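Asker: Show me the folded form of this:
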Amino acid sequence: MKTVDLKNMLIIFISFIGVLYFAYTWVSKSYNDIPNYDFLNNNFGQFAFTVFLTLFIYRFLKILDKENFFLVFITILLLSTIVILLLKNIFLWPAMVVFIISIPLFFCKKYLKYR
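Answerer: Modelled structure (predicted):
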């Protein structure tokens, strides 16, 4: 049982480090040595950040045995990207793709778990 807890904590730690790293590489102007760098045009950085953020949220909720709240978090994040699109006219399509794909994957995993 202790090895399972250690494995889960290691996965949480790695996904959190991934969130921090990809947030830094996506937003930081000092990391991206390009004049007039605009982080909104870095689609790979947005995609990697949102994938690791989604993984971190899912694993964290799984450790807390609150896996059913994952759909709530994804819905809130998806709605926040839509609000940003409507209010600021900034289209964060990599984040929307990750959030939309993670919803059926969550239901598929839930379906396969109970069959």
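Asker: so after the helix or strand of the chain with the lowest mean pLDDT, what's the next helix or strand?
Answerer: Lowest on mean pLDDT, DSSP states H and E among the helices and strands of the chain sits helix 2-27, with a mean of 83. Going down the chain from helix 2-27, the next helix or strand is helix 43-63, by DSSP states H and E.
Asker: now the angle between helix 2-27 and that following helix, please.
Answerer: 150 degrees (axes from the mean of the first three to the mean of the last three CA atoms, to 10 degrees).
Asker: what's the distance between the helix or strand following helix 43-63 and the middle of its chain?
Answerer: For helix 43-63, the following helix or strand on the C-terminal side (DSSP H and E) is helix 70-88. Here helix 70-88 is found 12 Å from its chain centre; the criterion is CA atoms, centre = their mean, to the nearest Å.
Asker: ok, back up a step: in terms of secondary structure, what does the least confident helix or strand of the chain contact?
Answerer: Secondary structure elements in contact with helix 2-27, counted by 3 or more CB pairs under 8 Å, 6 or more residues apart in numbering; DSSP states H and E, are helix 43-63. Just so you know, the C-beta spots here come from the backbone N, C-alpha and C atoms, and that holds for glycine as well.
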